[in-house]
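Enquirer: give me the fold of what follows.
(one chain, ligands or ions: 1)
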Amino acid sequence: MAFRARHLLGIEHLGPDEIITLLDLAETYVTLNRQPQKHGRALEGLTQINMFFEASTRTQASFELAGKRLGADVMNMAMAASSLKKGETLIDTAMTLNAMHPDLLVVRHPHSGAVDLLAQKVNCAVLNAGDGRHEHPTQALLDALTIRRAKGRLHRLNIAICGDIAHSRVARSNILLLGKMENRVRLVGPATLMPSQVDQLGVEVYDDMRKGLDGCDVVMMLRLQKERMDGGFIPSEREYYHRYGLDAEKLSHAKPDAIVMHPGPMNRGVEIDGLLADDINRSVIQDQVEMGVAVRMAAMDLLARNLTAATTTGGVLV
Ligand code: ASP
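Expert: Numbers count the residues shown, from 1 in each chain. Model (predicted):
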């Protein structure tokens, strides 16, 4: 089996073979999830703890459902009400939970790198559910599965990632994954929302949306991450929508069969036209949500297999 990782901290650490292994397994879970009886046994007897230090709707629900469908005991920590409020550090909280012998720890945190740090302190498998503007690996994997199903392949595609790239962990994980699978990635947005050292990412950069979308197979829109902005990155939301909001006219510059994606939550009328987001002939946004559950089932299944391997071989996995 081509999946060596002990934790899922970022796309950065995965090889193309591991990505394909995970997506292929996720396909079997897409099928399972469409049955009336959705129970698998891959995580039976295991304990999964979800620690979300930042708001989440889709990701948290999806990880919870994924664990339950595979038979894990799933606990959601209410982090707002936890001892962190009383001054306990992230690491102390993690060590306390670690002493309860969880097998899978799913963590979202506002600081880039916090999840990696935590993974060094605990014995279980850690899954990064989004850390600051660093990585959101399961989002990129579910996007990859959605693209592969819609386009029939995951290589040699023209993919435009548009909007607030600078603050987006979704963009970062997608750039890494799509690059590893040999696609042509374009970043489209104003210079103020481009990451520093964008020239080192192996992508093309456009500040003109129509030129950036020209001939694209996939148009991936991003939310303006206002919570991570500390100043005036855009003149106004109205002006931003005019230049970078995806509507039918701008989409007409992409290929006629180009798909529209968005990780959610969406700001309708800011980065995307509401009608276009709901157009089932172009938008795969609901498919992304469906693929999210299957991908998280596959990720936890594979990590659980490696946990067993680590126990039986004296913990040699890294
Ligand atoms: N839900 C995604 C994330 O957690 C995207 C977003 O919030 O805009 O990064």
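Enquirer: how about the residues of the stretch 1-150 of the chain near the ligand?
Expert: Neighbours of the ligand within the stretch 1-150 of the chain, by Cβ under 6 Å from any ligand atom: G130, H136. C-beta: built from backbone N, CA, C; applies to glycine.
Enquirer: what stretches of the stretch 1-150 of the chain score poorly on pLDDT?
Expert: Residues of the stretch 1-150 of the chain meeting the criterion pLDDT under 70: 1, 80-87.
Enquirer: can you name the residue of it nearest to the ligand?
Expert: G130 (4.4 Å; Cβ to the nearest ligand atom).
Enquirer: same thing with the chain?
Expert: R223 (3.5 Å).
Enquirer: who's in contact with that residue?
Expert: Contact analysis of R223 by Cβ atoms under 8 Å, 6 or more residues apart in numbering lists G163, D164, S168, H262, P263, G264, P265, M266, N267, E271.
Enquirer: how much space between it and G15?
Expert: Using Cβ to Cβ, to the nearest Å, R223 is found at 30 Å from G15.
Enquirer: how long is stretch 219-236 end to end?
Expert: 23 Å (Cα to Cα, to the nearest Å).
Enquirer: buried sites along that stretch?
Expert: By 16 or more other Cβ atoms under 10 Å, the buried positions in stretch 219-236 come out as V219, M220, M221, L222, R223, L224, Q225, F233, I234.
Enquirer: check these and tell me the two furthest apart.
Expert: The span of the buried residues of stretch 219-236, defined through Cβ to Cβ, is set by V219 and F233 at 21.2 Å.
Enquirer: assumed the residue of the chain closest to the ligand was part of a strand.
Expert: No - going by DSSP: H, G, I helix; E, B strand; the rest coil, the assignment for R223 is coil, not a strand.
Enquirer: in the longest helix seen in the chain, which residues are buried?
Expert: For the chain, the helix that runs over the most residues, judged by DSSP state H, is helix 285-312. Residues 285, 287-304, 306-307, 310 are the ones in helix 285-312 that count as buried (16+ other Cβ under 10 Å).
Enquirer: is that helix anywhere near the ligand?
Expert: No - residues of helix 285-312 contacting the ligand under Cβ under 6 Å from any ligand atom: none, with a closest distance of 10.2 Å.
Enquirer: stretch 193-207 now?
Expert: No - under the criterion of Cβ under 6 Å from any ligand atom, the ligand is not reached by stretch 193-207; the shortest gap measures 12.9 Å.
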